[in-house]
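K.L.:
sequence unknown, structure follows:
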């Protein structure tokens, strides 16, 4: 049984640098959610999206394709989460 107030830390499943973009695949075990985070290490601009577990590695390898699927809510530099399920 988990003690009240304790929480499992977010786990980094994968990380890569592509040019100046850092791409992270993160798992939040407390809520069983997978997020993709992309940020430009020079400017700090970026985005976060929630991805379905079955699409996690595809989203990690093609983050802008997944970001484009939320075209109406895509705002570089804004911290927000959108569910993308393939």
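P.N.:
Done, it's in. Worth saying up front: this structure is predicted, and the values here are computed from it rather than measured.
K.L.:
Doesn't residue 65 belong to a strand?
P.N.:
No - judged by DSSP: H, G, I helix; E, B strand; the rest coil, residue 65 forms no part of a strand; its state is helix.
K.L.:
which one is residue 33 nearest to, not counting chain neighbours?
P.N.:
residue 50 (6.0 Å; Cβ to Cβ, 6 or more residues apart in numbering). For every residue, glycine as well, the C-beta is placed using N, CA and C.
K.L.:
pretty sure the one you found is touching residue 35, no?
P.N.:
Yes - if you go by Cβ atoms under 8 Å, residue 50 and residue 35 touch, sitting 5.5 Å apart.
K.L.:
hang on, the earlier thing: the residue nearest to residue 33 in helix, strand or coil?
P.N.:
Classification of residue 50 using three-state DSSP returns strand.
K.L.:
can you map out the helices along this protein?
P.N.:
Per DSSP state H, the chain carries helices over the ranges 56-61, 63-68.
K.L.:
Tell me the buried residues in the last one?
P.N.:
By 16 or more other Cβ atoms under 10 Å, the buried positions in helix 63-68 come out as 63, 66, 67.
K.L.:
Stretch 34-50 too?
P.N.:
By 16+ other Cβ under 10 Å, the buried positions in stretch 34-50 come out as 34, 35, 36, 37, 38, 39, 46, 47, 48, 49, 50.
K.L.:
Ok, stretch 23-33 next?
P.N.:
In stretch 23-33, counting by 16+ other Cβ under 10 Å, buried: 23, 24, 25, 26, 27, 33.
K.L.:
residues in contact with it?
P.N.:
Outside stretch 23-33, the residues that touch it by Cβ atoms under 8 Å, 6 or more residues apart in numbering are 7-8, 10-17, 34-38, 50, 56-57, 59-60, 63.
K.L.:
What ranges in the protein fall below the confidence cut-off?
P.N.:
1-6, 70-86 (pLDDT under 70).
K.L.:
Apply 80 and report the result again.
P.N.:
1-6, 69-86 (pLDDT under 80).
K.L.:
Return the residues in contact with the residue nearest the centre of it.
P.N.:
When Cα atoms, centre = their mean is applied to the chain, the residue found nearest the centroid is residue 36 (1.5 Å). With contact taken as Cβ under 8 Å, 6+ apart, residue 36 is in contact with 23-26, 48-51, 56, 59-60, 63, 66.
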